[in-house]
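Student: I would like to see how this sequence folds:
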Amino acid sequence: MSDPQQLGPYRIVRPLGQGGMGAVYEAVQEPIGRRVAVKVLLPQHAQDRDAVHRFFNEARAVNLIEHPSIVQVSDFVQEADGPVYLVMEYLRGQTLSARMEGLHKQGRRLPMREVVQLAAQLADALSAAHAKSVIHRDLKPSNVMIVPDSAVPDGARAKLLDFGIAKLARTESRGTATNEVFGTPQYMSPEQCAGAGRVDAKTDVYALGVMLFELLAGRLPFLAETPLEYMGQHAFKEPPPITELAPQTPKELSVLVQRMLLKDKQARPSMQQVGSELVLMLSTASEALLPPVTSSTELGEARTDSADQGALQARPLSTLGKSQGQPQPRGTGSRRLLLFGGVIVGASILALGWKLWLLPVPSLAPSPIEDIAAPDVLPTAPVPAFAQPLQPAPVIPTSPGSTSRLDGSKAATAPKPQRAIATPKPVARPKPRVSTIPTAKPVVTSPPVDTHPVRRED
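Tutor: Below you'll find the predicted structure:
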């Protein structure tokens, strides 16, 4: 069909893509100048009552859920003999499929942490949908957009698109045949391949499991050339263990994916259980297990089949944020600050150790000149031998004018004048030794003084 120029108050700016039953355009709502995305039902489906009904269900399902990770629809217009279209919020971002293709060309995969974050956000949005009895039935990477959102701690959010074939469990059309098949064969559950009548919330669990397998392993769990081959493998063939294709996958995550891909839908976990386990992995996993998220500036720009074309802000992808009050992973700012402080402290310790290593080490050996003295008394310098005076024999006074010797002999009261006495040569004496007994004053010992009388020379 030719691109319209005006749809009511909406002036078409450019086409954004085409897929499914409709084509998407960027438009401006006049006269307020609000930018929106308009999804127009293709002419070949505009006359089909069931197609129009499903198109209307998309607007109703989205507005029933009211979740920040689901694109919002603001208007539904069905003109007589005119186009049928939806008016949605305009999204600036990139589809998950475009993100995966860009990395695949570089021989890379999404970081593990980013995979878990995206899956947790989608599980939270789908849990809200299931609580309103809305089943998406067409979950795939091209129906997921990554857009900037300042309300999320890390600044980016996954948006779930295209509820065009969503099933409203409480108000399903009576004319819908139970053997009708809706969905994309690569992501359809076994019960979905068997017919629309068996589809319930566990169908979305299986499709999210296929997406997780593809994000982690870099390929789908089943490979085929035709839609029927894909559907046959989903119905009867077991998927390969994800650890064979992605050995780096944490055990708890690989076990969760295996449970989501079980053939028996009753054995699969609910979407709420899936979301809780993914959030728990994010909050308890170490940095080695879940590396930091790649910056969203690597996403580039890619034309999508939904509602936008553009690039994300330079922020990492986030977890659920404030949508359902889930616990948030701790930010990296405090860890970086602690790491920087640790580096500074470590460098200071190394510098101090180097300075201490260069200082001279004092000797702990005792001095060879003197023995160890009392710690609180300084030793007195020894008196040289030649400076010590000769000690005369002590006398005891008895009476005036007389003296008595110690040996009992009496001495003359009036000694005669004596001639000069030659001073004998000083006798070599051993060096005094400081006592090792801790006393108030050091005791100096020396050999006894020679008390023999000096010989006179008449």
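Student: all helices for this structure, in order.
Tutor: Per DSSP state H, the chain carries helices over the ranges 43-46, 49-65, 96-105, 112-131, 190-194, 201-217, 227-236, 242-245, 251-260, 271-284, 333-358.
Student: Buried residues, the first one. List them.
Tutor: Using 16 or more other C-beta atoms under 10 Å as the burial criterion, the residues of helix 43-46 that qualify are 45-46. Where you see a C-beta, it was placed from the backbone N, CA and C, and this is true even at glycine.
Student: got the contact list for it?
Tutor: Identification of contacts with helix 43-46 by C-beta atoms under 8 Å, 6 or more residues apart in numbering yields 1, 21-22, 51-52, 55, 83-84.
Student: Buried ones in stretch 260-274, by neighbour count?
Tutor: Of the residues in stretch 260-274, those scored as buried under the neighbour-count criterion (16+ other C-beta under 10 Å) are 260-263, 265, 268-269, 271-274.
Student: Make JSON lines from those residues and add distance to M188 to it.
Tutor: Output for the buried residues of stretch 260-274, formatted as JSON lines (distance: C-beta to C-beta, whole Å):
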{"residue": "M260", "distance to M188": "14"}
{"residue": "L261", "distance to M188": "12"}
{"residue": "L262", "distance to M188": "15"}
{"residue": "K263", "distance to M188": "13"}
{"residue": "K265", "distance to M188": "12"}
{"residue": "R268", "distance to M188": "14"}
{"residue": "P269", "distance to M188": "19"}
{"residue": "M271", "distance to M188": "17"}
{"residue": "Q272", "distance to M188": "22"}
{"residue": "Q273", "distance to M188": "22"}
{"residue": "V274", "distance to M188": "18"}
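Student: I figured T184 hits D138, correct?
Tutor: Yes: using C-beta atoms under 8 Å, T184 is in contact with D138, at 6.1 Å.
Student: Could you check which of the two has the larger neighbour count?
Tutor: Just comparing T184 and D138: by other C-beta atoms under 10 Å the higher neighbour count belongs to D138, 23 against 19.
Student: how close does that one get to A37?
Tutor: Taking C-beta to C-beta, to the nearest Å as the measure, D138 and A37 are separated by 18 Å.
Student: ok, now P185?
Tutor: Here the criterion is C-beta to C-beta. By it, P185 lies 27 Å from A37.
Student: try P240
Tutor: 39 Å.
Student: neighbour count winner among these two?
Tutor: A37 (23 against 13).
Student: Can you name the residues bridging to the nearest residue to D75 once chain neighbours are set aside?
Tutor: Nearest non-adjacent residue to D75, counting by C-beta to C-beta, 6 or more residues apart in numbering: V87, 3.8 Å away. On DSSP bridges, the residues paired with V87 through beta bridges are V38, D75.
Student: Could you give the number of residues near V87?
Tutor: Using other C-beta under 10 Å as the criterion, V87 is surrounded by 23 other residues.
Student: and what of I70?
Tutor: Here the number of neighbours of I70 (other C-beta under 10 Å) works out to 23.
Student: my guess is it contacts V62, does it?
Tutor: Yes: counting by C-beta under 8 Å, I70 does reach V62; the two are 5.9 Å apart.
Student: So T95 is in contact with K140, correct?
Tutor: No: using C-beta under 8 Å, T95 makes no contact with K140, being 9.8 Å away.
Student: Which of those two has more residues huddled nearby?
Tutor: Legend: neighbour count by other C-beta under 10 Å for T95 and K140, higher for T95 (28 against 20).
Student: Now do the shared contacts for I70 and V62.
Tutor: Residues touching both I70 and V62 (C-beta under 8 Å, 6+ apart) are F163.
Student: Relative to the top strand by length along the chain, what are the paired strands and their orientations?
Tutor: Scanning the chain for the strand with the most residues, using DSSP state E, yields strand 10-19. Strand 10-19 sits in its sheet next to strand 6-7 (antiparallel), strand 22-29 (antiparallel), going by DSSP bridges.
Student: most tightly surrounded among the ones you listed?
Tutor: Burial among the strands paired with strand 10-19, expressed as mean neighbours by mean count of other C-beta atoms under 10 Å, is greatest for strand 22-29, which shows a mean of 21.
Student: I'd like the mean pLDDT over that strand, please.
Tutor: What strand 22-29 shows for mean pLDDT is 92.
Student: how much does that strand deviate in direction from helix 49-65?
Tutor: Using axes from the mean of the first three to the mean of the last three C-alpha atoms, to 10 degrees, the interaxial angle of strand 22-29 with respect to helix 49-65 works out to 50 degrees.
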